[in-house]
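Novice: Below is the sequence, then the predicted model.
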Amino acid sequence: MLKISIISGSNRNNSQSLRISKIYLQKLKAKKVGIDLINLAKEKLPFWEEDLDGKLSPYKKSFKKNSLTLSKADGFIFVVPEWGGDGASTS
């Protein structure tokens, strides 16, 4: 079975990114695709973590859990916020 990870990239609860992520989730589930939703508003992850080896990081457990989830995915959908009309470009 195809496995897709959806990453909702907003740090706000009940964001538009999460709403759109859930729409993708429902549409892909209807097509019998395996789905994992990672909601960055709920994960205990920093926006920036300098401790790359994880030895001192208080986020090590969350990094490990999300890394495992992502490593099992065949593909990814990133839903990112658009602030002030300046969204991320994929071209």
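Specialist: Arrived safely, thanks for sending.

Novice: Name the SS class of the nearest residue to residue 61 once chain neighbours are set aside, please.
Specialist: With sequence-adjacent residues excluded and distances taken as CB to CB, 6 or more residues apart in numbering, residue 61 is closest to residue 44, at 7.7 Å. Glycine gets a C-beta too; all of them are placed from N, C-alpha and C. Assigned by DSSP: H, G, I helix; E, B strand; the rest coil, the conformation of residue 44 is coil.

Novice: what about residue 44, how many neighbours?
Specialist: Neighbours of residue 44 under the rule other CB atoms under 10 Å: 11.

Novice: in the worst-scoring helix or strand of the chain on mean pLDDT, what counts as buried?
Specialist: None of the helices or strands of the chain scores lower by mean pLDDT, DSSP states H and E than helix 60-71, at a mean of 88. Neighbour counts over helix 60-71 (16 or more other CB atoms under 10 Å) mark 63, 66 as buried.

Novice: now for that helix, which elements pack on it?
Specialist: Helix 60-71 sits against strand 34-39, with contacts defined as 3 or more CB pairs under 8 Å, 6 or more residues apart in numbering; DSSP states H and E.

Novice: The biggest helix by length in the chain vs strand 34-39, what angle?
Specialist: The single longest helix within the chain, with elements called by DSSP state H, is helix 16-30. Helix 16-30 and strand 34-39 are oriented at 170 degrees to each other (axes from the mean of the first three to the mean of the last three CA atoms, to 10 degrees).
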